[in-house]
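Undergrad: Just to be clear, the model below is a prediction. Sequence and coordinates:
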Amino acid sequence: MIIARTIEELEGVIAGSCVTIGNFDGVHKGHQRLIRLACSRAKAQGLLSVVVTFDPHPLRVLRNDAPPFITLTEQKLELISQYGPEACLLLEFNMEMAKLAPEQFVQKYLIDGLNMKEMIIGYDYHLGKGRAGNFETLSKLGKDRGFTVDRLEPVSIDGAVVSSTRIRDLVQAGKVWPVRPLLGRFYQVKGEVVHGMNRGGRLLGFPTANLKLVDELHPKPGVYAIWVEVDNEVHMGVANIGKNPTFGNDALSVEAHLIDFNGDLYGRDIRVHFVQRIRDERKFSGIDELKDRITKDVDLGRQILSQPEAEIRVTHADLANETAEV
């Protein structure tokens, strides 16, 4: 997938494109269907499939109380690429862009820049100043300027529409298991392994990888069964998110114990995939009680991760190859 960060990088070089546009926070099942549909339509018409998205997320610019986002830009681009588009236009969102009327944005970026022939949007997507560019106004604009507009109906799972807000609420509540069908994967965070307080292996007999997190969205404090991805290898594990009240810590930390793993992880980037919440974080009477509880947590984690429904998928090939609606 070609990634362009300015319209000038693509302007005048595209003979015709099928575009889907949005924020794509989480790249969830609804987003995946949009992208696959754009790719399918583009292929059928001999057009280039293009995803248009924004950095930073528009809410970060327009609001002082923007929520934590599910995917940061690097991961969002990585996920988008797995669903087959030939190009992604990652536009810097600022107040100047926010003031553009839908007609101005479409003309400058999508018609002049991408030579757009077809646009595919989500059921609730709005574009331009005052969110004035809805399906009806964009369809009318398309008739005037030579492109068609299609709108994808909402994707529902378990009786509710898949949305970034729904996913965010579940993660923050610690309900990571129900998130998987909405994302098509377990919720994950990425971080560098840094030196912690050196208590896990020395005091407790369970060495932990302490993550220096870059992600904004974290599950509710507690203990979780996890998969840990290290250099394309996946290991069983359990993680504690919280402040380690037994030791009187104040700072939030994520500490992952990799089951049956003896390697050195310091300085390496790892991904933690959250599978199932095991328990709340709590304060123990001392080291012995804590060790006994961690032993039980590890046994529970191994049992959970040994179940077929807890299988990890890190390539997403099964999703990328799904048949799109034409």
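TA: Sure, I can see it.
Undergrad: And the helices in the protein, which stretches?
TA: Assigned by DSSP state H, the helices in the chain fall at 29-45, 58-62, 73-81, 95-98, 102-105, 135-145, 164-172, 180-183, 287-305, 317-320.
Undergrad: can you list those in TSV and add mean pLDDT, distance to residue 17 and mean neighbour count?
TA: Every residue, glycine included, has its C-beta placed from N, CA and C. Shown next, in TSV, are the helices of the chain (pLDDT from 0 to 100; distance: least, Cβ to Cβ, whole Å; neighbours: other Cβ atoms under 10 Å):
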stretch	mean pLDDT	distance to residue 17	mean neighbour count
helix 29-45	98	7	21
helix 58-62	94	22	14
helix 73-81	96	15	18
helix 95-98	96	20	12
helix 102-105	97	15	18
helix 135-145	97	14	15
helix 164-172	97	25	18
helix 180-183	97	27	19
helix 287-305	92	43	16
helix 317-320	38	20	13
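Undergrad: Any chance of CSV for those, columns distance to residue 23?
TA: Shown next, in CSV, are the helices of the chain (distance: least, Cβ to Cβ, whole Å):
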stretch, distance to residue 23
helix 29-45, 9
helix 58-62, 7
helix 73-81, 9
helix 95-98, 13
helix 102-105, 14
helix 135-145, 17
helix 164-172, 8
helix 180-183, 15
helix 287-305, 32
helix 317-320, 20
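Undergrad: nearest to residue 234, of the ones you listed?
TA: helix 287-305 (9.9 Å; Cβ to Cβ).
Undergrad: which residues are in contact with the closest one?
TA: For helix 287-305, the surrounding residues in contact (Cβ atoms under 8 Å, 6 or more residues apart in numbering) are 203-206, 223, 225-227, 236-238, 246, 257, 259, 275-276, 278-279, 284, 310.
Undergrad: Repeat that for stretch 141-153.
TA: Residues outside stretch 141-153 that contact it (Cβ under 8 Å, 6+ apart): 30, 33-34, 37, 41, 102-103, 106-107, 110-111, 116-123, 125, 133, 135, 138-139.
Undergrad: Check stretch 13-24 too.
TA: Contacts of stretch 13-24 (Cβ under 8 Å, 6+ apart): 31, 34-35, 37-39, 41-42, 45-54, 57-58, 71, 76, 80, 87, 110, 114-122, 125, 127, 164.
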